[in-house]
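Trainee: Need the 3D shape of this:
(one chain, ligands or ions: 1)
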Amino acid sequence: APLRLDVVTIFPDYLRVLNLSLIGRAAAEGLIDLRVHDLRAWTHDRHRTVDDTPLGGGPGMVMRPDVWGLALDEVLGREEEGRPATAPEPPRRQVLVMPTPAGEVFTQRTAEDLAGADHLVLACGRYEGIDARVAEHYREAGVEVRELSIGDYVLNGGEAAAVVIIEAVARLVPGVLGNPGSVVEESHSRAGLLEHPVYTRPVTWRSLEPDPVLLGGDHGRVARTRRDQALLRTAVRRPDMVERLDPAELDAADRAV
Ligand code: SAM
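Mentor: Model (predicted):
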């Protein structure tokens with residue numbers, strides 16, 4: 001079955017970028033099943049209100065747990081008020097993803113993990129965020145809830161984060177990328193290194209030339225050169241990644257770099 005992705009947001013149009021490029025094609029080909037829902041569909045008042053002032057005071061508005069509860073019960077396919085759920089059987093591994101700058105940091109490991117799920121529901125916050133009881137409630141109800149931050153900065157809403165998470169996850173779904181080898185040795189892959197720099201034709205451009213080994217056709221030397229470049233680049237740009245490297249991943253030639 002395709003990876004099912006449901007996004008709940010007050011700005012459904014924001015997610016239209018996912019109709020483009022590889023993710024759009026994957027959806028068109030049925031490799032992923034992407035559905036976007038307007039949170040306001042679960043409001044019942046004339047103004048379609050989704051927010052209220054923060055308890056305890058302070059600036060801004062907070063998204064209401066009752067509206068989110070109705071939306072997520074339905075999208076997660078859970079029973080509401082004794083009525084049978086609209087979805088027939090809940091899929092095998094379902095994850096409720098809640099983007100928030102206060103969450104655990106989303107990494108390539110997280111993307112790999114989520115790509116193994118059957119159903120991801122992404123709840124996009126706005127304003128000062130979603131009432132904290134929503135995450136608490138679904139966790140207590142036995143739902144796997146992941147509060148994820150895409151980095152140490154604050155966005156206006158969860159939609160951009162949802163796009164980032166979906167793109168990083170969906171490209172790991174088999175068949176989405178034309179060349180499955182592309183995802184094996186990338187930056188942040190298991191090797192724990194940044195990828196080596198890449199080059200194409202023309203060989204000389206504005207008097208700049210890549211390492212001539214890349215032109216020699218000796219695959220062993222090309223691999224060694226790229227590995228050296230990856231190690232150097234990681235050491236210079238991301239010393240934190242070098243510190244986390246598993247020494248078992250390094251060979252004698254690596255140590256010389
Ligand atoms: N008051 C919140 C705080 O300081 O933690 C920030 C709320 S932010 C203005 C509104 C929404 O944007 C959040 O509910 C979340 O959905 C999303 N968001 C903002 N920054 C994010 C980040 N770094 N990663 C993931 N989602 C983020």
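Trainee: tally of neighbours for the nearest residue to residue 133 once chain neighbours are set aside?
Mentor: Once flanking residues are discounted, residue 133 sits nearest to residue 65: 5.0 Å by Cβ to Cβ, 6 or more residues apart in numbering. In this view, the C-beta of every residue, glycine as well, is placed from N, C-alpha and C. By the criterion of other Cβ atoms under 10 Å, residue 65 has 18 neighbours.
Trainee: wait, what's in contact with residue 65?
Mentor: With contact taken as Cβ atoms under 8 Å, 6 or more residues apart in numbering, residue 65 is in contact with 130-131, 133-134, 137.
Trainee: From the ligand, how far out is it?
Mentor: 13 Å (Cβ to the nearest ligand atom, to the nearest Å).
Trainee: Wasn't residue 97 part of a helix?
Mentor: No: applying DSSP: H, G, I helix; E, B strand; the rest coil, one finds residue 97 to be strand, outside a helix.
Trainee: distance between the ends of stretch 173-192?
Mentor: Start-to-end span of stretch 173-192 (Cα to Cα, to the nearest Å) is 21 Å.
Trainee: wait, stretch 113-131
Mentor: End-to-end distance of stretch 113-131 (Cα to Cα): 26 Å.
Trainee: Near the ligand, which residues of the stretch 1-150 of the chain are found?
Mentor: Within reach of the ligand by Cβ under 6 Å from any ligand atom, the stretch 1-150 of the chain has these residues: 99-102, 124-126, 128-130, 149-150.
Trainee: Equivalent analysis for the stretch 151-257 of the chain, please.
Mentor: With Cβ under 6 Å from any ligand atom as the criterion, the stretch 151-257 of the chain meets the ligand at residues 151, 153-158, 161.
Trainee: could you pull out the strands for this protein?
Mentor: Listed in chain order, the strands of the chain (DSSP state E) span 3-9, 32-38, 51-52, 62-63, 94-105, 119-123, 144-149.
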